[in-house]
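Asker: give me a 3D structure for the following:
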Amino acid sequence: MLDQLQCTTSVRLFKKAVTHPLMAVNRLVQAARFSRLREAEEREASVEFLSSAFQADVRSILNNHKRSEMGSWMRRRSAKLKDFPGPYRLGATPQFDCETIYLLVRSLKPDVVVETGVCYGASSAYILQALNDNGRGDLYSIDLGNTPNEPPNDYFVPRRLRNRWHLIIGDSKDKLPLLLERLGRIDLFHHDSLHTYDHMMWEYGTALPHLRADGVLSSHDVRTMVDLSKPFQRNPFSVFCEQNRLRSVEAFNVGIAMRP
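Answerer: The predicted structure is shown next:
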């Protein structure tokens, strides 16, 4: 079953390569890298990190989440997304990564969360569900906005969760400093916007001073090749964590970091 799914994914990626060759090649390289990872080991790494950092029963949180309606909701919406006529779309965060972000928010119990990059709202939906399950917190999201002929930013976000969501349309280069200045201190910053070395480093560096002392910096695409011309370049997440002496963990394509 897994081999069949990987084959289907590869076929879709090759079809996309005709109009978006660089992005498709990156996805193929990423798929090859991740095929060597074991899901159970990746999940255990994130669970152990979060359990230690926040003294939370993360396994129980995950088990309860697995019994919720969130997974079936996302599968139904994903199935419809594949048939949606329109431009290139391979940007929705995979379920495993979304669940890692959910576990992070449930464990941290933040009041103020800032994320960059929404696409169709997959990770946003999981963050909002976690905030709802915590009974506290708001999410501030920055995104360039989608075109009229593609699904909207809230495509994956259930209507019942939108009361905690503040969506800001614009370039994070302009909007992120202004938002952070207005909010002052934040509990969690999650990056998932433009995945280039310089931009990721800039967003991390812009957000870190605004994190509370025990706040968390998280990021998607922490194991992705961000520059095809530099295949052996380290991902900026690991570089930033090392430079700033942050304690961190990576699980599949999500990184979680905090001060020691």
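Asker: and the closest residue to His210 other than its chain neighbours, what element?
Answerer: Once flanking residues are discounted, His210 sits nearest to Leu180: 4.5 Å by C-beta to C-beta, 6 or more residues apart in numbering. The way it works is simple: take the backbone N, C-alpha and C, and place the C-beta from them, glycine included. Following DSSP states H and E, one finds Leu180 within helix 172-183.
Asker: run the angle between whichever helix or strand comes after that helix and helix 172-183 for me.
Answerer: Where DSSP H and E defines the elements, the next helix or strand beyond helix 172-183 is strand 186-191. Compare the direction of strand 186-191 with that of helix 172-183 by axes from the mean of the first three to the mean of the last three C-alpha atoms, to 10 degrees and you get 170 degrees.
Asker: for the helix or strand just after strand 186-191, buried residues please.
Answerer: Where DSSP H and E defines the elements, the next helix or strand beyond strand 186-191 is helix 197-207. Under the neighbour-count criterion of 16 or more other C-beta atoms under 10 Å, helix 197-207 has His199, Met200, Trp202, Glu203, Tyr204, Thr206, Ala207 buried.
Asker: and for the residue nearest to Arg212 when sequence neighbours are not counted, the neighbour number?
Answerer: Computed as C-beta to C-beta, 6+ apart, the closest residue to Arg212 that is not its neighbour in sequence is Arg185, at 5.2 Å. When neighbours are defined as other C-beta atoms under 10 Å, Arg185 has 13 of them.
Asker: all helices of this structure, in order?
Answerer: Ranges of helices in the chain, per DSSP state H, are 2-16, 21-34, 39-54, 58-66, 70-82, 95-108, 122-134, 172-183, 197-207, 236-243.
Asker: figure out which of the ones you listed is closest to Val254.
Answerer: Nearest to Val254 among these is helix 95-108; the distance by C-beta to C-beta comes to 4.5 Å.
Asker: for that closest one, name the packing helices and strands.
Answerer: On a contact count with 3 or more C-beta pairs under 8 Å, 6 or more residues apart in numbering; DSSP states H and E, helix 95-108 meets helix 39-54, helix 58-66, helix 70-82, helix 122-134, strand 186-191, strand 211-220, strand 247-251, strand 254-258.
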